[in-house]
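S.K.: Need a 3D model of the following:
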Amino acid sequence: MKQTLLSLSFCLVVVAANAQAIDQQAIVSKSVRANARYDLKAVERISATNVVEQQATATYTAGKAIVLQPGFEARAGSVFQATIAPVSARSAEPGTGLMVSASPNPFQDLTTVEYTLPTASAVKHTLTDARGSVIRHTESDGVQAAGTYKLGVEGGNLPTGVYLYQVKTDNQTKVIRLLKQ
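M.R.: Numbering: from 1, shown residues only. Take a look at the predicted model:
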């Protein structure tokens with residue numbers, strides 16, 4: 001029950017025509033209008049009650065489940081695709097500064113956090129539980145050059161639940177959610 005409540009606290013209600021954020025769960029209730037394209041990804045699950053109108057395209061990808069609730073409709077002449085596939089949590093759109101992602105997510109024993117620095121910077125990494133208690137904190141030795149880095153995060157000894165992973169540079173901070181199974 002406790003895990004369910006934690007997961008539910010991270011639900012996202014989608015109201016934009018082209019959502020870009022990747023969240024643990026997503027609830028879709030807004031119609032996809034004619035001649036529009038809507039791509040939605042969620043790390044765990046998507047629940048949809050929306051209408052995909054004629055000549056609209058909607059693509060939903062989730063790590064565990066896509067639930068089409070009463071009220072969902074893909075009208076004749078629309079294109080609707082639902083795919084269950086691994087989805088990484090990503091904290092920023094490509095090319096907009098500091099980027100952080102984790103894969104696999106959800107994970108069991110190990111996940112790899114990948115981060116891209118747009119400029120050289122000192123970097124701090126912090127892993128906290130859902131209540132904000134610090135589990136691990138590390139700082140880079142000196143300045144890291146601009147580029148992409150990968151860091152393994154071991155979670156075999158962590159209890160099942162939601163964790164927050166923060167990457168902080170000299171001028172930016174990004175946080176992603178990690179789900180330990």
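S.K.: Roughly how far does L98 sit from Q166?
M.R.: 11 Å (Cβ to Cβ, to the nearest Å). Bear in mind the C-beta positions are built from the backbone N, C-alpha and C, glycine included.
S.K.: need the helix or strand of the protein with the lowest average pLDDT.
M.R.: strand 13-14 (a mean of 28; mean pLDDT, DSSP states H and E).
S.K.: Phi, psi for the residue lying farthest from the centre of the chain please.
M.R.: Here the chain reaches farthest from its C-alpha mean at A76, the gap being 31.0 Å by Cα atoms, centre = their mean. The phi/psi pair for A76 (degrees, to the nearest 10) reads phi -60, psi 130.
S.K.: so it sits right up against Q54, yeah?
M.R.: Yes: counting by Cβ atoms under 8 Å, A76 touches Q54, with 6.5 Å between them.
S.K.: sorry, back to before: now do the contacts for the residue farthest from the centre of the chain.
M.R.: Q54 (Cβ atoms under 8 Å, 6 or more residues apart in numbering).
S.K.: cool, and R45?
M.R.: The neighbourhood of R45, defined by Cβ under 8 Å, 6+ apart, consists of Q25, A26, A62, G63, K64, A65, I66, V67.
S.K.: for the residues you listed, which one is nearest A130?
M.R.: Q25 (14.4 Å; Cβ to Cβ).
S.K.: so which strand or helix has that closest one?
M.R.: strand 23-28 (DSSP states H and E).
S.K.: need the next SSE after that strand, C-terminal direction.
M.R.: Heading C-terminal from strand 23-28 (DSSP H and E), you reach strand 37-48.
S.K.: Let me see the mean pLDDT of that next one.
M.R.: Averaged across strand 37-48, pLDDT comes to 84.
S.K.: do stretch 149-159 as well
M.R.: Mean predicted lDDT for stretch 149-159 stands at 90.
S.K.: CA atoms only for that stretch, dumped as PDB, please.
M.R.: Extracted in PDB, the C-alpha atoms of stretch 149-159 (Å, rounded to 0.1, in the frame of the first residue of the first chain):
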ATOM      1  CA  TYR A 149      29.400  10.600 -18.600                       C
ATOM      2  CA  LYS A 150      27.900   7.300 -17.200                       C
ATOM      3  CA  LEU A 151      27.800   6.300 -13.600                       C
ATOM      4  CA  GLY A 152      26.500   3.000 -12.200                       C
ATOM      5  CA  VAL A 153      24.200   3.300  -9.200                       C
ATOM      6  CA  GLU A 154      24.000   0.200  -7.100                       C
ATOM      7  CA  GLY A 155      20.600  -0.400  -5.500                       C
ATOM      8  CA  GLY A 156      20.700  -4.000  -4.500                       C
ATOM      9  CA  ASN A 157      20.700  -3.100  -0.800                       C
ATOM     10  CA  LEU A 158      17.900  -0.500  -1.200                       C
ATOM     11  CA  PRO A 159      14.300  -1.300  -0.300                       C
END
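S.K.: Right, I'll call it a day here.
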